Each structure stands twice: as C-alpha cells, then as structure tokens.
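Undergrad: only geometry, no sequence info:
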C-alpha cells in the first residue's frame, strides 16, 4: 500500500513541479506566487492577486490557463458590469417549429478557470454575483441552480493604488478567497529577463501539461494528507491570536484588530499546509507548513481598526509578530 | 519490530533521559535558590540580629520553613513524568525533524486507517532508527549545576569573611536561663538561715530576679532591693561587731569575765557565749531561766531599732559586767547572753549575705566576658563591673576591668605551658595568639594587617635615617566588624546588665562605707 501512496505522492510532486516549471518559462520570478496559485487550485480555493499595474497578474493567469487543460474565461470588471454578465441570463429562443422557450445562456463564470480582472472596479452587487459560485461551486439563475464544472477556480486581480472609482471588496467576499497573493515589483535581474523574453521576435510558448482529471486527482491526494492534533492546535492558536476578544489574542490584535480571521482562515491554513507538505515530500503536516501559508491565508481575513491604519500597521506585520509569539506545541 | 514499536522505543529512551536531566536541573536549581537564600540570610542576618535580636529565632524558623517548602516544590517538579509526546516534541526540536516524530506518535497513539498515516509512521520509524538519543539529550550536567557550585563557593566565602557571631541567635535566651539558674543557687544559700527580715527581703528580690518573664526594669528594681537588703544586713553586722568590740573592752575591766572578753576579742563568739552561760549557771539562781543554746529566735522590733540597737545593748551589757564592784546578777548576764546570741545571728546573716553578694558579683563577670564591648567601653566608672580574674575580685579597684579580653596575645616562653586565663599581656603583642573564644576566633593575621610605619624619634634625623617599624593595626574590615559587634553587644549587654550590682562607683565605695560606720559612732556619742 505504501508503494501506491508513494507513487501518488511522487506523481503529485512531479506534476506540481511540471506546472511550475512551465509557467516559469513565461513568468519571471514570482515562484512563491506560482506555488500559491497552484496551492489554491489544488486546495479547491480561489485566489486574489494584488499588485500594481504591469507586474504580470493577468499574464500569470493567462499562462496558467495555457498550461492546464482547462476551460478558461476572462471577465474584465468594470463599473457597469452586471451580475447577469457574469452568471448568464435567460433568453427567448425560437426553434425550427416556431415554438419559443426560455433558454439559459451561460455566462463566463461557467468555466474551469475564471479570471476576474480588476475585480474591485465592479459594483458590490456585481462582485457578490461571484459569492455563490466561489463558495458553493454552483450558480442560481432564474429559479434554477446550475452546478459548475470542476475544477472551478477563480483568479481575481486588483490594483491596490487606484482607489478612485473602485469598490473595495466586502469582507464576506474577501473571505471567500483562499489566498491573497501580493505581486512585488521585479528586481533588476528579473526586469532584464522580462525584457529579454518579451521584446524579441518570438515570445516563449508553453505546453499544456496537466489535464482536468489529473488536477482532480491531485486535489484528492492533497486532501488525504493527515494532520496530527498538535499541529492542528497550532493552526487554531494562530487563528485565535488574531481575535482581539480571545484569551489567546496577541497584544497587537487587541490593539489594532477589529475582527479576526474567520474559521475559513483555519481551514485555509490546514489545506494550504497540506499542499505545502506534499510539495516538500512529506506525508504529514508540520508547523512549518502552517507557518508557510499563514500570510497568504490570513492577511485578507483580518479587519484592522482605525488606529492600525493611522499607525500604518498592516496585517503582514501583525501576522509576523503573531508567528514569533505563538509557540510550537511541545507535545 | 514493528514501526510503531521502534518509534515508541526511541521515544521512551529520550523520555528517560529528559526526565533525568530535568530532575537534575530542578534539583540543582533548588539548591541554587537555597544557597542564594543562605548567602542572603548570612548577610542580612547580621544586620537583623543587631537591629532586632529577638527576631533571630523567628527568622531562622522562617528560613527553614521556606527551605522545606522549596524542597517539596522542587521534588514535585523533579518527579513529574515526561510524556512520550513531550519526548517526541523535544526530539523534533533538537534534531530539526519538522514535527515528524510528534506527528508519527500522534498517528501511533490514535490509529488512523489512512494509508498516508501508515506511510508517515514507516518514514518516522526509519528516522527513529537513525536517531541517537544520547545526541538528542546529551548527558552533560545542567548549567544550574555550575551555578550551584559557584553559589556554594560564594557561601563558603561569605561564611568565612562574615563576622564571627559571638552571640548566637539564642544567646539572649541562654543568658536568661543561666541567670535564672544562678539566682536559684543564690536562694538556696539563704535556706536554713536564721529568720531575718533582711534575708526575707533579699529572698523576695532574688525570686523576682529568677522570674523568667520579668522585664529589665523589674529586674533592675529587684536588684536594687537586693542591694538594699545586703547593705542593711552589712550595716547591722557592722553595728554588731562594734558592739562586740565595746563589750569585750568593758568586760576586760572585770577579772571574772577576762577569759570571755579575750574570746570575744579573738572573734570566738561561741566560746565567749559558752563561758557566759557557765557563769550564769554558777550564779546560783537555779530558778532563773537560762536561754537555750543555739536556739535562733526572731528579732523583735525593739531589738532591731536604732534606739535599742544591738550595738547599744551590747555596750550596756558590757558596762554592767565590767563594773568590778557591782553585783553581777543573773539578769545582767542573761541580757548579755541574749545580746551576744543576737549578734551571732546578725553575723551569720551577714556571712550568708556576703556569700550571696559575692556570687552575684561573680555572676556579673560573665556578663562582661560574654559581651563584645571592648575595654574602653567599660570605662564608665558608674557601673564598671569588676571583671578581673583576681581571687579577690570584689576589692580590685581596676577601672574597666576587662584587661584579659585584650590579652588575647602575649609574649610567652614556649616551654611554659599555656593555660587559659593567664594570658594577660600586651594588646599590641607580637607573639602567638591563644584563642580565648575557642575555634571561632580568627587568626591574628586574618584580623589585623601588618603595616610599616616611619618613626622619627629625632626631628633632626633625615628621612633616610628614619627608623621603620612594623606594626599590626586593625584592617578596615576589622574596624567595621568591631563597630558592628559594638552595636550588637550594647543591646545584649544592657539586657544582661539589668542585674548589675555596682551602682555605687568603686572609688566612692570606701567613703560610703566609712560614712555609715561613722554614723553609728556619732550615735554612740
């Protein structure tokens, strides 16, 4: 049995590495971002990519869609975008016999990979159209519920500096995202590579390396990784440390946090840690795996108060302090 | 061996080592705390004892109780079990195994059907086989052991340089018990004595002194009463002696009583009394009642009063018997015999009182000997105890009287056997020290420092020709210790000196005595 499991784990790692290598042929640097996006895909989550314009958010998603054998659709969010434009709508169709009937016209959300580009430019009403899809993997329209094809994976991007004419995502919407990944500006070496790759006669092309079924298998493998209770307790303690009203809250949480992470945060920690463990050839989750995913899993689930904003305290700083503060379980 | 057994076996080995190490660490930590407390107690205790001497026993009890409590706490901490989960956690942390053993132990203890868990157990077992428990938990002693050794050395050092405690914490209590025992012995001396009001007064005063819960003021008051009783008895005895002298002088003029007078002059009062009784019997009046021999009887007030004092009655009796031509009747002899008998009682009382006084004075000597006060601190002649080792110490007019305390060193010949108590000599002596206070006395070279002093006897001499001598002088530490001892000793001395006997300055004693003797002489005139 161990041989089967070994092969399963080896296949997971190989495929994961294959996708990462293939994406890296187009995307310069950002290995952690690529791993994070893959983790979200394999943990059945959705990812929010945040970065200034031009750092390759959309390109990353497009490249990923090229690498995976998945149905891909892109939605450019604008203020006048309506929920029906995303979900779809009923239209009256006349058949050959002249009979007229309503027929549901599937929106772009009916895809395996959905790129919600500049998601904060749409109104909250339109943004909330994604809520059901992201959480339930189904869409309700005209009194009917339509199941979404698996894997269903939403990749949203947003620009953190342009606030005019944008609608910040509501907390409930933010909480639906498994990870929030921040794309930093590339350094000199990375910029040189970007220029080399994108200004020549021929841009690098990628192959489709992972099929839909393989992705589902990888998802099952990741879910099968067992977690020992002490490690689970560690993830819970980290989550509780973000809650100002908790007895295990960190001092900074008591001072700067309005609302701490939701239970989805703990789920994200454990699931993300499972994928991280598999990527590191482990069949168990360690506290190190939990720590590796704390920032992307929790940074968007903590709501800071005015004092924190006035003091320019961000959630990343706070989470780093919490990680230093929460001790690893001794037994 | 199954994978799970391999993991458990390694974890048990680590667990034992962890337990041993933790127990050793806790014990040495406890020892550190105890040693530190003892050092602090040693340092603070000196100040405490000088400030509040009575707190000594309480403080020691508190320290003992704290040590016992600490020991129990340390034992509880040391005997706590180390769980296998803790051992797994320690092994993961020390061998950087990223929670491998911890997770494996969890999967072993809560079996899961997951093939991934089985795979993890197998992998962890392989890791456990490679682990060396000795490398994970080395058998080296804990750091607290070194700390304990250092503190132990510090305690030894502090104990060595700390001032010698000439008084233990219980010194005051022991002195009180000894004083009570001394007083009991003094009261025993008064048993069987002829009935006498002064003796009763003295006995009551001694009883008050013997009372354990008597305050210093009460003891001082009782001591004053005892002194008054003794002085009164002495004065009455002196008056009796004067009367006896005058009786003897008067009886010498009558040849019939010449032998009795000689006996009185020689101090053989009993012989004189026997002669007088014989003459009384020979006087022929068989019906006259002769006083019974050696039958003490209480003195009446008229017999004790100054108006009809013993001295006067003896003198009158002497005049009656001294007249050669007068008829010597039995009544006159009877009166003289009674007066003589009474005088003997007074002398007997004085004898006992003198013994009590001597013993009380002797009891005062240890007070000064036990005291850490230096001789210069006794130079108040108002209450300087006679503390010389002289056999006739009561009359030794030595102000300060504690020379032997300074006589710790003296020059002596090696062939002369050293005896405690005879080592009086130069306080600045340069010869071998004899420890008067036993093993607790520091060596001289530990107390004093040797320093060179330029001596220029002649002002004209050049500096080069100046004579250089070496002297021992008190080191700064010794001066500090002496100052500290002085403060402590004053408290103890004041308490023990409540029974101090010498309220009259020594240089005034003779004048006071003469005043009272002459007072009686003037009365006679």
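TA: Looks like it came in fine. Every value quoted in this text rests on a predicted model; they were computed, and no experiment measured them.

Undergrad: Residue A:247 looks like it's in a helix, true?
TA: No. Counting by DSSP: H, G, I helix; E, B strand; the rest coil, residue A:247 is not found in a helix; it is coil.

Undergrad: Could you count how many residues lie near the residue nearest to residue B:111 when sequence neighbours are not counted?
TA: Excluding its sequence neighbours, the residue lying closest to residue B:111 (C-beta to C-beta, 6 or more residues apart in numbering or on different chains) is residue B:117, at 7.9 Å. C-beta here means a position set from N, CA and C on the backbone, and glycine is covered the same way. Other residues near residue B:117 come to 24 when the count uses other C-beta atoms under 10 Å in any protein chain shown.

Undergrad: Name the helix or strand for residue B:117, please.
TA: Here residue B:117, judged by DSSP states H and E, is contained in helix B:115-130.

Undergrad: and that helix, what does it pack onto?
TA: Applying 3 or more C-beta pairs under 8 Å, 6 or more residues apart in numbering or on different chains; DSSP states H and E, we find helix B:115-130 packed against helix A:2-24, helix B:3-51, helix B:100-109.

Undergrad: Quick one: closest of the ones you listed to residue A:289.
TA: helix B:100-109 (10.8 Å; C-beta to C-beta).

Undergrad: List the buried residues of that closest one.
TA: With burial defined by 16 or more other C-beta atoms under 10 Å in any protein chain shown, the residues of helix B:100-109 counted as buried are B:100-108.

Undergrad: now it: mean pLDDT?
TA: Here helix B:100-109 scores 86 as its mean pLDDT.

Undergrad: what angle separates that helix from helix B:3-51?
TA: 110 degrees (axes from the mean of the first three to the mean of the last three C-alpha atoms, to 10 degrees).

Undergrad: which stretches of chain B have low pLDDT?
TA: Scanning chain B for pLDDT under 70 picks out B:45-57, B:162-176, B:283-308, B:322-329, B:363-472, B:493-507, B:520-525.

Undergrad: Please, where are all the strands along it?
TA: In chain B, the strands defined using DSSP state E lie at B:448-455, B:467-474.

Undergrad: so what are the domain limits for chain A?
TA: Listed by automatic domain parsing, the domain ranges of chain A are A:2-79+A:111-215, A:225-325.

Undergrad: Can you name the helix or strand that residue A:103 falls in?
TA: Here residue A:103, judged by DSSP H and E, is contained in strand A:100-106.

Undergrad: If you count neighbours, what's buried in the next helix or strand after that strand?
TA: Once the chain leaves strand A:100-106, the next helix or strand it forms, by DSSP H and E, is strand A:113-117. Using 16+ other C-beta under 10 Å as the test for burial, strand A:113-117 gives A:113-117.

Undergrad: ok, strand A:113-117: who's next to it in the sheet?
TA: Its sheet considered, strand A:113-117 pairs with strand A:72-76 (parallel), strand A:153-158 (parallel) by DSSP bridges.

Undergrad: helix or strand right after the longest one?
TA: Just to be clear, that refers to strand A:153-158. Of the helices and strands lying after strand A:153-158 in sequence (DSSP H and E), the nearest is helix A:171-176.

Undergrad: C-terminal to that next one, what's the next element?
TA: Sequence-wise, the next helix or strand downstream of helix A:171-176 (DSSP H and E) is strand A:179-183.

Undergrad: That next one: partners in the sheet, and parallel or antiparallel?
TA: Strand A:179-183 is paired, per DSSP bridges, with strand A:47-51 (parallel).

Undergrad: so how far is the strand it pairs with from its chain's centroid?
TA: Averaging C-alpha positions (C-alpha atoms, centre = their mean, to the nearest Å) puts strand A:47-51 8 Å from its chain's average.

Undergrad: ok and the helix or strand that that strand is followed by relative to strand A:179-183, angle-wise?
TA: Following strand A:47-51 in sequence order, the next helix or strand is helix A:57-67 (DSSP H and E). For helix A:57-67 against strand A:179-183, the angle by the same axes, to 10 degrees is 120 degrees.

Undergrad: Quick one: distance of helix A:57-67 to the chain centre.
TA: With C-alpha atoms, centre = their mean as the basis, helix A:57-67 stands 14 Å off its chain's centre.

Undergrad: Identify the residues contacting residue A:283.
TA: A:5, A:9, A:225-226, A:277, B:116-117, B:119-120, B:123 (C-beta atoms under 8 Å, 6 or more residues apart in numbering or on different chains).

Undergrad: Distance of it relative to residue A:234?
TA: The gap separating residue A:283 from residue A:234 is 18 Å, by C-beta to C-beta, to the nearest Å.

Undergrad: before we move on, the earlier item: of the contacts of residue A:283, which is the most crowded?
TA: Of all the contacts of residue A:283, the highest neighbour tally under other C-beta under 10 Å goes to residue B:120, namely 28 neighbours.

Undergrad: and residue A:129, how many residues sit next to it?
TA: 23.

Undergrad: Quick check: pLDDT value at the closest residue to it other than its chain neighbours.
TA: Leaving aside its chain neighbours, residue A:129 sits nearest to residue A:83 (3.6 Å; criterion: C-beta to C-beta, 6+ apart). Looking at residue A:83, its pLDDT is 89.

Undergrad: Looking at the contacts of residue A:283, which is nearest residue A:95?
TA: Among the contacts of residue A:283, residue A:225 lies closest to residue A:95 (C-beta to C-beta), at 51.0 Å.

Undergrad: Tell me the spacing between that closest one and residue B:249.
TA: Distance check for residue A:225 against residue B:249: by C-beta to C-beta, it reads 132 Å.

Undergrad: quick one, helices of the stretch 151-300 of chain A?
TA: All helices of the stretch 151-300 of chain A, identified by DSSP state H, counting those that start in this stretch, fall at A:171-176, A:188-198, A:212-224, A:229-240, A:251-256, A:263-279, A:287-298.

Undergrad: can I get those helices in a markdown table with mean pLDDT and distance to chain B?
TA: Listed next are the helices of the stretch 151-300 of chain A as a markdown table, based on pLDDT from 0 to 100; distance: least, C-beta to the nearest C-beta, whole Å:
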| stretch | mean pLDDT | distance to chain B |
| --- | --- | --- |
| helix A:171-176 | 87 | 28 |
| helix A:188-198 | 86 | 30 |
| helix A:212-224 | 90 | 5 |
| helix A:229-240 | 93 | 6 |
| helix A:251-256 | 91 | 25 |
| helix A:263-279 | 94 | 9 |
| helix A:287-298 | 94 | 5 |
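
Undergrad: Tell me which of the ones you listed sits nearest to residue A:94.
TA: That would be, of those and by C-beta to C-beta, helix A:212-224, which comes in at 34.7 Å.

Undergrad: got the buried residues for that closest one?
TA: Those would be A:214-215, A:218-219, A:221-222, A:224, for helix A:212-224 by 16+ other C-beta under 10 Å.

Undergrad: just how off-centre is it within its chain?
TA: How far helix A:212-224 lies from its chain's middle: 17 Å, per C-alpha atoms, centre = their mean.

Undergrad: Single out the most deeply packed of the strands paired with strand A:113-117.
TA: By mean neighbour count, with neighbours taken as mean count of other C-beta atoms under 10 Å in any protein chain shown, strand A:153-158 ranks first of the strands paired with strand A:113-117 at a mean of 25.
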